[in-house]
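J.: Need coordinates for the below:
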Amino acid sequence: MAVAAGVQQHLRKLLGHDQVKVRPYGKRLFIQLDLGDEVETVARLTEHRSNQYGIDFRTHQGRWEPLPEEGTLKQMTEAVASQLGPYLTPDNY
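T.: Below you'll find the model as predicted:
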């Protein structure tokens, strides 16, 4: 839970708003956008091996598509913000 809270805090700082949420589920961290009346799951970080994570993006069809990224949790959090930032911006919904 502490890992998810740290990622959430980092994403909120990088994105400049507090509507992003991070929910832990096993070795995955689901990255969500809180829209008030609904929560949209946008991406997930998955631990592949010790301190090495990958990113998957959730398409509009609900499928998970991997991004060609792998690195530390900090690196992948920053990659989510830079590559998927528009999908995590409340004004785009």
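
J.: Please list all residues in contact with Q9.
T.: Residues near Q9 by CB atoms under 8 Å, 6 or more residues apart in numbering: none. C-betas here are computed from N, CA, C, even on glycine.

J.: Am I right that it falls within a helix?
T.: Yes. Membership of Q9 in a helix is supported by DSSP: H, G, I helix; E, B strand; the rest coil.

J.: what's the longest strand along the chain packed up against?
T.: Longest strand in the chain by number of residues (criterion: DSSP state E): strand 39-49. Counting contacts by 3 or more CB pairs under 8 Å, 6 or more residues apart in numbering; DSSP states H and E, strand 39-49 packs against strand 28-34, strand 52-58, helix 73-84.

J.: R58 and W64 touch, don't they?
T.: Yes. Between R58 and W64 there is a contact under CB atoms under 8 Å: 6.0 Å.

J.: of the two, who's got more company?
T.: R58 (19 against 12; other CB atoms under 10 Å).

J.: Next, work out how far apart that one and T72 are.
T.: Separation of R58 from T72 (CB to CB, to the nearest Å): 22 Å.

J.: Do I have it right that L35 meets D91?
T.: No. Counting by CB under 8 Å, L35 does not reach D91; the two are 10.9 Å apart.

J.: For the two, work out which one has more neighbours and name it.
T.: Each of L35 and D91 has its neighbours counted (other CB under 10 Å); L35 has more, 11 against 6.

J.: And the more buried one, how far from A5?
T.: For L35, the distance to A5 - CB to CB - is 21 Å.

J.: what's across from the residue nearest the centre of the chain in the sheet?
T.: Compute the mean C-alpha point of the chain, and by CA atoms, centre = their mean the closest residue is I31, 3.3 Å away. For I31, the beta-bridge partners under DSSP bridges are V22, A43.
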